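# Give me coordinates for this.
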Amino acid sequence: MIRNRKLPVIVYSDSSYAIGVLSGRMKAKKNLGLIAEIKELIKAFSSVKFTHVYGHRGNEYNETADDLATGVLKSR
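Model (predicted):
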């Protein structure tokens, strides 16, 4: 959804696993296809950085993201 791929991108996540795998610090153990797909998308951007946030600690945006993800899973 980000049109200007030259802009720096910061990805906030409460998943240490996701950050570790996508930043190359950890080896993927599950969701290998999804991870490969995301890594290809990341290559299209000039700058992508990852920032860890604590989950379920009142971070408004993290709570919203969690609610959206949970809602999608429940609707399947």
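
# give me the element Ala36 is part of.
helix 32-43 (DSSP states H and E).

# Show me what secondary structure element comes after that helix.
Next element after helix 32-43 (DSSP H and E): strand 48-52.

# Between helix 32-43 and that next one, find me the angle.
Angle of strand 48-52 versus helix 32-43, following axes from the mean of the first three to the mean of the last three Cα atoms, to 10 degrees, is 120 degrees.

# Strand 48-52: partners in the sheet, and parallel or antiparallel?
Paired neighbours of strand 48-52 in the sheet (DSSP bridges): strand 9-13 (parallel).

# hmm, back to that, could I get the buried residue list for the helix holding Ala36?
Neighbour counts over helix 32-43 (16 or more other Cβ atoms under 10 Å) mark no residue as buried. No exception for glycine: its C-beta is placed from N, CA and C like everyone else's.

# Repeat that for stretch 63-76.
Result for stretch 63-76 [16+ other Cβ under 10 Å]: buried residues Ala65.

# gap between that stretch and the chain center?
Offset of stretch 63-76 from its chain centre (Cα atoms, centre = their mean, to the nearest Å): 15 Å.

# got a list of contacts for that stretch?
14, 55-56 (Cβ atoms under 8 Å, 6 or more residues apart in numbering).

# now these in CSV, with distance to Ala44 and pLDDT?
As requested, the contacts of stretch 63-76 are exported to CSV (distance: Cβ to Cβ, whole Å; pLDDT from 0 to 100):
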residue, distance to Ala44, pLDDT
Asp14, 24, 88
Gly55, 28, 77
His56, 32, 75
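
# Next, the residue nearest to Phe45 when sequence neighbours are not counted: secondary structure please.
Leaving aside its chain neighbours, Phe45 sits nearest to Arg5 (5.0 Å; criterion: Cβ to Cβ, 6 or more residues apart in numbering). Three-state call for Arg5 (DSSP: H, G, I helix; E, B strand; the rest coil): coil.

# Return the distance of the top helix by length along the chain from the chain's centre.
Of all segments of type helix in the chain, defined using DSSP state H, the longest is helix 60-74. Remark: helix 60-74 is offset 13 Å from the chain centroid, using Cα atoms, centre = their mean.
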